[in-house]
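**Student:** Sequence first, then the predicted structure:
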Amino acid sequence: MYSTRLEGIARDLLDSSLCGEGGPVDAYELAAACGLHVEHSDLRGAVLMEDTIYLGRRTPAAQVHLRIAHEIGHWALDRDGHEQSEAAADYLAAALLVPRQQLDRALRHGWDLEELRRQFRTAPASAIACRIAQIREATAAVYDDARLRRRVGPPARVEAELLAAAHAAEAPVRLDACTGAWPLWGAVRRVVVLAARE
């Protein structure tokens, strides 16, 4: 769901830090521009304590920038006196790694998640898809081993069909320029479904 307030926070952070100016946003640089330090630790995931983000050493490479951006989101919410929530920090993390203006330009050519991953290298595919659903009339659904992990937007009528087809093909399946499913096999069999609303 689109949030004008959170979009404004993300835009202000990116503008003041000069991150996101034409290239992928580096969460380490963004944290430094906010006066935050990033230290690797034995913790699981990431946590913000005072002015330091402690990032678990075992964090999967594809998740590093997202986890740091999530903690920057918590920091920004606190700094601006907004209510803390995991959902708001998730929203900000996606908005920071996939800036609105850059994404709007990229989406003019269709919603090809593989191409978008090349443009927004520091953001996982699931975050890019969720970001599209934040700013467009769309649904993004992330499935791990065929179980729904996260959805932004209402369920899409073609969601189950796309999920099954991506699992069967073990390759991207497209219905049109804005609707498809992308399998991302790793420790789990993840499929990201993206569908324009009808």
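**Tutor:** In hand now; what should we look at?
**Student:** Spell out the secondary structure type for the spatially most central residue of the chain.
**Tutor:** The centroid of the chain falls nearest to residue 127 when counting by Cα atoms, centre = their mean (2.0 Å). Three-state call for residue 127 (DSSP: H, G, I helix; E, B strand; the rest coil): helix.
**Student:** dump the residue contacts of it.
**Tutor:** By Cβ atoms under 8 Å, 6 or more residues apart in numbering, the contact set of residue 127 is 66, 93, 94, 97, 98. Just so you know, the C-beta spots here come from the backbone N, C-alpha and C atoms, and that holds for glycine as well.
**Student:** Tell me the buried residues in the biggest helix by length in the chain?
**Tutor:** Secondary structure of the chain per DSSP state H: the longest helix is helix 64-79. For helix 64-79, burial by neighbour count (16 or more other Cβ atoms under 10 Å) applies to 64-77.
**Student:** Correct me if wrong: residue 151 contacts residue 129.
**Tutor:** No: using Cβ atoms under 8 Å, residue 151 is not in contact with residue 129; the gap is 10.2 Å.
**Student:** who's more crowded, those two?
**Tutor:** Counted by other Cβ atoms under 10 Å, residue 151 and residue 129 do not tie: residue 129 has more neighbours, with 29 against 17.
**Student:** Among the contacts of residue 127, which one sits closest to residue 43?
**Tutor:** The shortest approach to residue 43 among these belongs to residue 66, at 16.0 Å (Cβ to Cβ).
**Student:** if I look at that closest one, how far off is residue 146?
**Tutor:** Remark: distance between residue 66 and residue 146 (Cβ to Cβ, to the nearest Å) = 23 Å.
**Student:** just residue 76 next, same as before
**Tutor:** Taking Cβ to Cβ as the criterion, residue 76 is separated from residue 146 by 35 Å.
**Student:** buried residues in stretch 16-30?
**Tutor:** Using 16+ other Cβ under 10 Å as the test for burial, stretch 16-30 gives 17, 19, 20, 24, 25, 26, 27, 28, 30.
**Student:** what about the most far-flung residue of the chain relative to its centre, helix or strand, and which?
**Tutor:** Going by Cα atoms, centre = their mean, the residue of the chain most distant from its centre is residue 168, 25.7 Å out. Element membership for residue 168 (DSSP states H and E) is helix 159-169.
**Student:** got it, and residue 175?
**Tutor:** Under the criterion of DSSP H and E, residue 175 resides in strand 173-176.
**Student:** C-alpha coordinates for that strand, PDB please?
**Tutor:** What follows is strand 173-176, C-alpha atoms only, in PDB (Å, rounded to 0.1, in the frame of the first residue of the first chain):
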ATOM      1  CA  VAL A 173       6.900 -17.500 -16.900                       C
ATOM      2  CA  ARG A 174       5.300 -14.400 -18.400                       C
ATOM      3  CA  LEU A 175       1.700 -13.800 -19.300                       C
ATOM      4  CA  ASP A 176       2.200 -10.200 -20.500                       C
END
